[in-house]
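Trainee: have a look at this prediction, sequence included:
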Amino acid sequence: MADRFHHFFIAPKDFDASFAFYRETLGWQLISEWTDTAGKRGAQLTGGGIRVVIAEAHTAEEMPDIAAKAHAHSPTMHLDIHDADSRFAQIPQGDHIVIPPENNHWGTRWFVVRDPDGNLLAFNEMRQKS
C-alpha cells in the first residue's frame with residue numbers, strides 16, 4: 001500500500017494575504033474556490049506537482065464536529081490512499097488517532113493521526129462527492 005502526497009492544508013491568519021502569496025508571488029494556478037455554509041472562504045491552488053488548500057479558520061461554534069479538532073489552525077499534510085479502512089487497520093491504536101475513518105462533507109473517506117510533535121497527517125480515500 002502506497003501513501004501518496006495529495007495536498008497541504010493551512011488555515012491562515014490572513015486568508016487574503018495567503019491567497020495573494022500563492023497566486024501572485026509564487027504564480028500558482030487557482031484550481032477551485034468556495035464559500036462554505038458558515039461564510040468561510042477556501043481555495044485550492046497548484047504549483048504543478050503540489051497543491052495547497054487554504055481555508056479561513058472555523059470556530060468551535062461554527063464547526064463543532066470532530067473535523068474542527070483536526071484542522072484547528074495547524075497545517076495538515078493530506079495523503080491520497082486507495083482504501084482508508086484497510087490503511088487504518090495497519091496503524092496501531094493509540095492517542096495519536098485524532099479522527100478514526102469517516103466520510104466527510106467534501107467527498108472523501110478519511111482518518112487523521114497526530115505525530116509526536118503535533119503535526120497532523122490526514123489519509124484520504126478520494127471519492128466522488130455525492
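Mentor: Good, I have the coordinates.
Trainee: what's the mean pLDDT across the helix or strand Phe19 falls within?
Mentor: For Phe19, the element it lies in under DSSP states H and E is helix 15-20. Averaged over helix 15-20, pLDDT sits at 90.
Trainee: pairing partners for the helix or strand following that helix, with directions?
Mentor: As assigned by DSSP H and E, the chain's next helix or strand after helix 15-20 is strand 29-35. According to DSSP bridges, strand 29-35 forms sheet pairs with strand 41-46 (antiparallel).
Trainee: in the strand it pairs with, what counts as buried?
Mentor: Gly42, Ala43, Gln44, Leu45 (16 or more other CB atoms under 10 Å). Every C-beta, even on glycine, is put in place using the N, C-alpha and C of the backbone.
Trainee: could I get the contacting residues of the first one?
Mentor: With CB atoms under 8 Å, 6 or more residues apart in numbering as the criterion, the residues that contact Gly42 are Glu33, Trp34, Thr35, Asp36, Val53, Ile54, Ala55, Glu56.
Trainee: quick revisit: remind me what the helix holding Phe19 packs against, helices and strands.
Mentor: Helix 15-20 is packed against strand 41-46, strand 51-55, with contacts defined by 3 or more CB pairs under 8 Å, 6 or more residues apart in numbering; DSSP states H and E.
Trainee: and if we set it to 7 Å?
Mentor: Applying 3 or more CB pairs under 7 Å, 6 or more residues apart in numbering; DSSP states H and E, one finds that helix 15-20 makes contact with strand 51-55.
Trainee: chain center to the strand it packs on, what's the gap?
Mentor: Averaging C-alpha positions (CA atoms, centre = their mean, to the nearest Å) puts strand 51-55 8 Å from its chain's average.
Trainee: quick check: bridge partners of the nearest residue to Ser32 once chain neighbours are set aside?
Mentor: Using CB to CB, 6 or more residues apart in numbering and skipping the chain neighbours, the partner closest in space to Ser32 is Gln44 (4.9 Å). Beta bridges link Gln44 to Ser32, Val53, judged by DSSP bridges.
Trainee: local confidence estimate at Gln44?
Mentor: In this model, Gln44 is scored at 93, pLDDT.
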